[in-house]
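*Asks:* The following comprises the amino acid sequence and a computationally predicted model.
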Amino acid sequence: MIEQNSLVEAFYADGEQPRLVPVNLRRDGDELVICDRSDNQILDKWPFGSLLIEEQSAGRLHIALRDLARTAYVEISNDKQVFAFKKLWTDLRTQRQENGVVRLFFWCSAAIVSVVAIFVWVLPNIAGIVVPLIPYHIEQRIGINVEKALFDWFDRADIEIRCSNIAGQSALNKLAGIMVPHANLLDLPAVTVFRAGPPNAFALPGGRVLVTASTLSTIEAPEALMGILAHEFGHIHNRDSMRHVVNVAGVGFVISFLIGDFSGVSLTGILGKEIVGRSYARNQEREADEYALNLLRDTQISPSGLAIFLNDIAANTGGGVFSSHPATSERVAFIQSASQNSSANKKVLSDDEWQALKNICN
Ligand SMILES: [Zn+2]
């Protein structure tokens, strides 16, 4: 129990007049209050932290302010009062330590709350926080490196993984180019067909799209491929692909890019597998589908090819490592209903161009 109001009898000299005034000392919070013993008037208040306390002899205590400009002092001149003053002083220190413990507890709690907040809120949203800060030219460089990482992961020594038949690539560019005027993208997307895995397509950061060669043998018409590309353009437009990479690779990867140091970051192996294997969030898929349907409508392309393609991959692959955009029944139904309302039937490629595109890997 701390008694703040216990009184200590002492004498006070104000430093100006050569006399000692009998006073009572008491503690008020962190201050030593000096009161005239005769009328209880407060003569002075000194912060405990500024006191210079000297035990000049047994039973005799001299108390002054550290402020040398002040010559006022207090003297306590008997054992009992010295003891009483020391008790005031000790009580103050005890309380300070207790406050210190409370403060320590407070800061520990705050630190724990911060760590929990990092795990509960910051990390799951880290991509949302970081991605808007990444300049597009950096995102483009990241996209090129991620594509390289993916190709390394799919590496096949016996065969060139990238399909580059010139006529096929030019038909592919034509398809993408038809949609670009309505796509509201920063750049013309770079679309590449590559030899790996079951039918699927990926959007990479910086406006890159990869389509597996088996996709071309699965679809019936170029309009279906446009539907697939339109969906991927949606991921590019919404910067989902950049978010996806940040979620998979971590912020350190992006920071290393921002400071121009790419040496310590391995993009191969696990990263490649994670990028193709990890699903987008359901709302990202829905938004990319909505974007695709709007883009197909503005380009006067029927979404029925996309609906059929999704139906096929839902039935045949069930996801596997290429589960980055799961063809859920919800998605298939959404696109099917849009395709039933569409009367678009624009022919986008000649038969020769379509054949060249289908043979892009030959
Ligand atoms: Zn998707």
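*Replies:* Everything's here; your move.

*Asks:* Helix, strand, or coil at the residue nearest to Asn40 when sequence neighbours are not counted?
*Replies:* Closest residue to Asn40 apart from its sequence neighbours, by C-beta to C-beta, 6 or more residues apart in numbering: Asn24 at 7.6 Å. All C-beta spots, glycine's among them, are computed from the backbone N, C-alpha and C. Three-state call for Asn24 (DSSP: H, G, I helix; E, B strand; the rest coil): strand.

*Asks:* how about stretch 346-362: buried residues?
*Replies:* Of the residues in stretch 346-362, 348-349, 353-354, 356-358, 360-361 count as buried by neighbour count, 16 or more other C-beta atoms under 10 Å.

*Asks:* And for stretch 30-37?
*Replies:* By neighbour count on 16+ other C-beta under 10 Å, the buried set for stretch 30-37 is 31-35.

*Asks:* again, but for stretch 187-203
*Replies:* The neighbour-count check on stretch 187-203 (16+ other C-beta under 10 Å) flags 189-194, 196-203 as buried.

*Asks:* again with stretch 296-316
*Replies:* So for stretch 296-316, counting by 16+ other C-beta under 10 Å, buried means 296-297, 299, 301-314.

*Asks:* ok so, going back, ok, so of the buried residues of stretch 187-203, who is nearest Asp39?
*Replies:* Taking C-beta to C-beta as the measure, Asp39 sits nearest to Ala203 out of these, at 85.8 Å.

*Asks:* In helices, which of the buried residues of stretch 30-37 appear?
*Replies:* Nothing among those maps onto helices, per DSSP state H.

*Asks:* Distance to Leu150 and pLDDT added to the residues you listed, as JSON lines?
*Replies:* As requested, the buried residues of stretch 30-37 are exported to JSON lines (distance: C-beta to C-beta, whole Å; pLDDT from 0 to 100):
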{"residue": "Glu31", "distance to Leu150": "70", "pLDDT": "87"}
{"residue": "Leu32", "distance to Leu150": "74", "pLDDT": "90"}
{"residue": "Val33", "distance to Leu150": "76", "pLDDT": "93"}
{"residue": "Ile34", "distance to Leu150": "79", "pLDDT": "93"}
{"residue": "Cys35", "distance to Leu150": "82", "pLDDT": "93"}
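
*Asks:* now, the most widely separated pair of those residues?
*Replies:* Glu31 and Cys35 (12.1 Å).

*Asks:* what's the distance between the residue nearest to the spatial centre of the chain and Ala167?
*Replies:* The chain has Ile126 as the residue nearest its centroid, 1.9 Å off, counting by C-alpha atoms, centre = their mean. Using C-beta to C-beta, to the nearest Å, Ile126 is found at 43 Å from Ala167.
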